[in-house]
Each structure stands twice: as C-alpha cells, then as structure tokens.
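Novice: I would like the atomic coordinates for the input below:
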Amino acid sequence: MSSDEYPALQDAMEKLMLNDSALTKESESSPALWQGYRCGFLWLLHLDIVKERFFREFNMDVIMTSPQVTYKIEIYWDKQSEYSRFKTEVFEKQWKKYTYVYISNPEDLPEQEKYQSIEEPIAKIEIITPSEYVWNLMQLSQERRWVFVNQQFIDTSRVMLTYELPMNELIWDFYDEMKSLSSWYASLNYTFFKYKKDDLVKLDLLIAWERVSALSLICHNKQARYIGWKVVKKLKKVVPRALFSIAIQASVWWQVVARETLSAMRKDVTAKLYGWDISRKKKLLQKQKKGKKRMKQFWKVSLPSEAFVNLLKK
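Specialist: I've put the predicted structure just below:
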C-alpha cells in the first residue's frame with residue numbers, strides 16, 4: 001500500500017517462493033504504484049491463497065492489479081526513440097520498415113496517434129471433457145472470441161476440443177468457468193500460438209474523476225462498453241462511501257462508456273435543532289452543501305486492496 005514497504009515486500013516474496021514453486025515473479029515499475037512485482041499464479045484460487053499468506057504470515061496488505069499479457073504494438077518509425085526502454089523489433093517488408101514494441105502494462109500503451117496497430121497473443125487450447133458437457137464449453141469459448149479448430153472423440157464418452165483463443169480472455173476466469181460448467185471433469189492444456197492484429201483499446205477506470213491506473217486494462221473495442229458496465233457496477237459495491245457522491249466511470253480514450261454514482265452518506269445536521277426555526281435549518285443545510293462541494297474538490301478516494309481482488313474474481 002506504501003512505497004516504503006517495498007524492501008519488506010521483497011523479503012516476504014523471497015521467503016514465500018521457498019515453499020511455493022508455482023509462484024513466479026519479475027520486477028515491475030509503475031508511475032502510479034511505484035516498485036512491485038509482476039507475478040504468475042495458478043489461476044485465481046492460487047492468487048487468493050498468496051494474498052492471504054502475505055497478510056497472515058508477514059502482516060502485509062498488498063495491491064493486486066488486473067492480469068495482463070504482453071502485447072505487440074506497431075509504432076511509427078519517427079517515434080522509435082521514445083520507447084527505447086522497451087523490447088523492440090525492427091524488420092523490413094516490401095521496402096518498408098516496421099517497428100514493434102512489446103508491452104505488458106496498459107500504462108505503457110502509447111497515445112492513439114503514436115501507433116498504428118495492436119497485436120495480441122493467441123493461445124491454442126485443448127479441452128478434454130465428457131461428451132455431455134461439450135455444448136456448455138462451446139458456448140463458453142464462443143463468448144471469449146474463439147476460433148474453432150477441431151473436435152475429436154477420444155472414446156465413446158470423452159471429447160477433445162481444440163480452439164484458438166486470445167490469451168487475454170484465457171487468463172481471467174476461463175479456467176474457473178470451464179471447471180464449473182463441466183462439474184470439474186474437464187481438463188485444459190494451452191500453448192502460445194501466434195500474435196494476431198485486432199481492434200484493441202485501453203479501458204480506464206475513473207473514481208471521483210481521478211484515473212486509477214492499477215485498474216486499467218486492454219480489451220477488444222466491441223467488448224469495452226460491456227466490460228466497463230460490469231466493472232463499474234462491481235466497483236460500486238466495494239468502494240467505501242463518503243459524505244459526498246462519488247462518480248465511478250469507465251472510459252475509452254477519455255470517452256466515457258459506462259457510469260455509476262455512489263450516493264453520499266447522509267449526516268443530519270439539523271437533528272440538534274428544536275422548535276420551528278426554519279431559517280436556522282436552511283442556513284445549516286446550505287453550510288453543509290458548501291462543505292460537501294469543497295470536500296469533493298480535495299478529497300481523494302482510497303480503494304481497499306480487497307476491491308482489486310474482488311474485481312479479478314469475475
């Protein structure tokens with residue numbers, strides 16, 4: 001929660017990895033969250049366990065950001081010097097030079113006029129499931145921008161489904177949904193296949209008109225409004241209420257696509273008054289209104305770490 005706790009986080013992470021071989025990490029720096037780690041987990045249940053161990057064993061409250069994959073950005077040739085700190089790739093095709101930058105943090109995505117296209121990683125997945133759950137899993141994959149490859153019957157009761165699926169759709173709750181729809185009988189195997197160009201945009205979350213960079217994510221343009229509505233509705237339940245109304249918004253390139261308003265907590269300032277002094281009551285209410293307006297300008301809404309984890313679960 002504080003940048004001063006980074007040495008303690010570093011020590012706790014090393015101790016935790018001694019008896020948890022499934023946890024992987026690499027150093028990460030963010031202009032909003034400062035120093036931290038980009039970690040790999042065995043789906044969301046493992047993430048919950050790691051977070052709980054941080055709290056119980058090391059008395060440390062950590063922030064979990066939304067999961068992201070590495071994207072391939074085609075930038076203009078004259079903008080190459082601005083992204084020298086990233087991994088770059090340059091090649092020529094038909095007397096034309098192409099420059100690609102690899103990013104894994106949505107904060108590093110260039111402005112809209114500085115790049116030409118975004119390519120996302122595609123995974124080739126194989127699902128082995130009992131035949132009675134095939135229709136459920138096909139519906140699940142269809143919701144995640146699937147490309148059907150093959151369907152093979154292993155025996156009379158088991159089927160292997162093969163798809164090409166964007167890695168970004170896979171790393172969220174695909175595994176949990178697959179297990180739920182197949183009564184925990186289905187198994188999943190996936191490998192990286194290729195990079196594919198698509199219409200991707202950056203979705204920002206704003207709380208009280210202030211952008212929360214830890215919640216930013218890259219998604220498909222057609223799904224941006226739907227994902228924005230789901231996120232702001234869930235944020236409305238986890239953001240702590242204040243004495244003034246809080247606007248929770250989702251925006252694509254600073255264009256708002258979804259909004260929810262968290263109502264203010266009501267404090268009855270006229271409760272101590274008695275009698276029929278209506279002018280005194282109006283004066284106190286006007287004073288309260290001015291105070292709330294001033295508070296809204298300078299007050300900063302702080303998100304609890306549970307809000308980040310609750311968003312990741314669905």
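Novice: contacts and neighbour counts: CA atoms only from here.
Specialist: OK.
Novice: what ranges do the strands span in the stretch 201-314 of the chain?
Specialist: With strands called from DSSP state E, counting those that start in this stretch, the stretch 201-314 of the chain shows them at 210-211, 217-220, 246-252, 255-262.
Novice: which of those has the lowest average pLDDT?
Specialist: Note on those: strand 210-211 shows the lowest mean pLDDT, a mean of 84.
Novice: ok now that strand, how far from the chain's centre?
Specialist: 15 Å (C-alpha atoms, centre = their mean, to the nearest Å).
Novice: low-confidence regions, the protein specifically.
Specialist: 1, 30-33, 77-83, 91-96, 266-277, 288, 291-302, 304-314 (pLDDT under 70).
Novice: let's go with 80 and repeat that
Specialist: The model of the chain has pLDDT under 80 over residues 1-3, 29-34, 43-44, 63-67, 76-98, 113-114, 172-173, 213-214, 240-244, 264-314.
Novice: residue ranges of each domain in it, please.
Specialist: 3-58, 68-198, 202-313 (automatic domain parsing).
Novice: how about JSON lines for those domains, with mean neighbour count added?
Specialist: Shown next, in JSON lines, are the domains of the chain (neighbours: other C-alpha atoms under 10 Å):
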{"stretch": "domain 3-58", "mean neighbour count": "14"}
{"stretch": "domain 68-198", "mean neighbour count": "16"}
{"stretch": "domain 202-313", "mean neighbour count": "16"}
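Novice: which parts of this structure are helices?
Specialist: 6-18, 43-58, 134-143, 167-170, 174-181, 224-238, 278-298, 305-313 (DSSP state H).
Novice: wait, which of these is closest to I73?
Specialist: helix 167-170 (15.3 Å; C-alpha to C-alpha).
Novice: can I get that closest one as PDB, trimmed to CA atoms?
Specialist: Extracted in PDB, the C-alpha atoms of helix 167-170 (Å, rounded to 0.1, in the frame of the first residue of the first chain):
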ATOM      1  CA  MET A 167      -4.600 -15.200 -24.200                       C
ATOM      2  CA  ASN A 168      -6.200 -12.100 -22.600                       C
ATOM      3  CA  GLU A 169      -9.600 -14.000 -22.500                       C
ATOM      4  CA  LEU A 170      -7.900 -17.100 -21.100                       C
END
